[in-house]
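*Asks:* predicted coordinates and the sequence they were generated for:
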Amino acid sequence: MSELLEKFPPKYASELSGAESEAWYFLLSDGKLIGGEELVNHYQMLGLTTEEIKDPDAMKKQFCLENKAVRICFSKGHIYVEVFEIEPNEAQWSAIGTLYRRDPDTNIVWDLRVKSEGKWVHGEGSLPRFKRVFSKTFQ
């Protein structure tokens, strides 16, 4: 993790609010984001080689669960959030809210991995809708 933090220094969502190009991030438990280099995806951030990516979702999931991280991708007017079996904490919800409010017409797309049911819950809409679906899904 220290190599990842060195290569991608953590930043608060407010520091990224003006970013318009699409970029991938991991949202850490302290509410800071790492990543953000254009055209560098989560596998590249983790330093995985083509040979190491046998089950790409398993590698992302392992990283997110071990570090209590949320996977995020955003660009102007769009946020993608992927959650693996854990509920974002207050700092992470705050960061998602900051990214959401940076543009008046932002749309959130989400994939929530529900451990108890072993399936994904997919949806899109506003931040309040995302929170309602999240609460209902993870009761």
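*Replies:* Good, I have the coordinates. Fair warning: this is a prediction, and the values are worked out from it, not measured in the lab. Residues are numbered from 1 along each chain as shown.
*Asks:* which SS class is Ser29?
*Replies:* Secondary structure assignment for Ser29 (DSSP: H, G, I helix; E, B strand; the rest coil): coil.
*Asks:* what's around it, how many residues?
*Replies:* Using other CB atoms under 10 Å, the number of residues around Ser29 comes to 14. For the C-beta atoms, the positions are set from N, CA and C on the backbone; glycine is no exception.
*Asks:* and Val114, how many neighbours does it have?
*Replies:* So Val114, with other CB under 10 Å, has 14 neighbours.
*Asks:* okay, it and Ala58: tell me how far apart.
*Replies:* Distance of Val114 to Ala58, computed by CB to CB, to the nearest Å: 17 Å.
*Asks:* likewise Phe134?
*Replies:* Phe134 is 23 Å from Ala58, by CB to CB.
*Asks:* who has more neighbours out of the two?
*Replies:* Neighbours were counted for Phe134 and for Ala58 using other CB under 10 Å; Phe134 has more, 19 against 10.
*Asks:* element containing the more buried one?
*Replies:* Here Phe134, judged by DSSP states H and E, is contained in helix 127-137.
*Asks:* show the average pLDDT along that helix.
*Replies:* For helix 127-137, mean pLDDT is 89.
*Asks:* mind saving the C-alpha coords of it as PDB?
*Replies:* This file holds the C-alpha atoms of helix 127-137, laid out as PDB (Å, rounded to 0.1, in the frame of the first residue of the first chain):
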ATOM      1  CA  LEU A 127     -27.100  10.800  -4.800                       C
ATOM      2  CA  PRO A 128     -30.300  10.600  -2.600                       C
ATOM      3  CA  ARG A 129     -31.500   7.600  -4.700                       C
ATOM      4  CA  PHE A 130     -28.100   5.900  -4.400                       C
ATOM      5  CA  LYS A 131     -28.200   6.300  -0.600                       C
ATOM      6  CA  ARG A 132     -31.800   4.900  -0.400                       C
ATOM      7  CA  VAL A 133     -30.900   1.900  -2.600                       C
ATOM      8  CA  PHE A 134     -27.700   1.400  -0.600                       C
ATOM      9  CA  SER A 135     -29.600   1.400   2.800                       C
ATOM     10  CA  LYS A 136     -32.200  -0.900   1.500                       C
ATOM     11  CA  THR A 137     -29.600  -3.300   0.000                       C
END
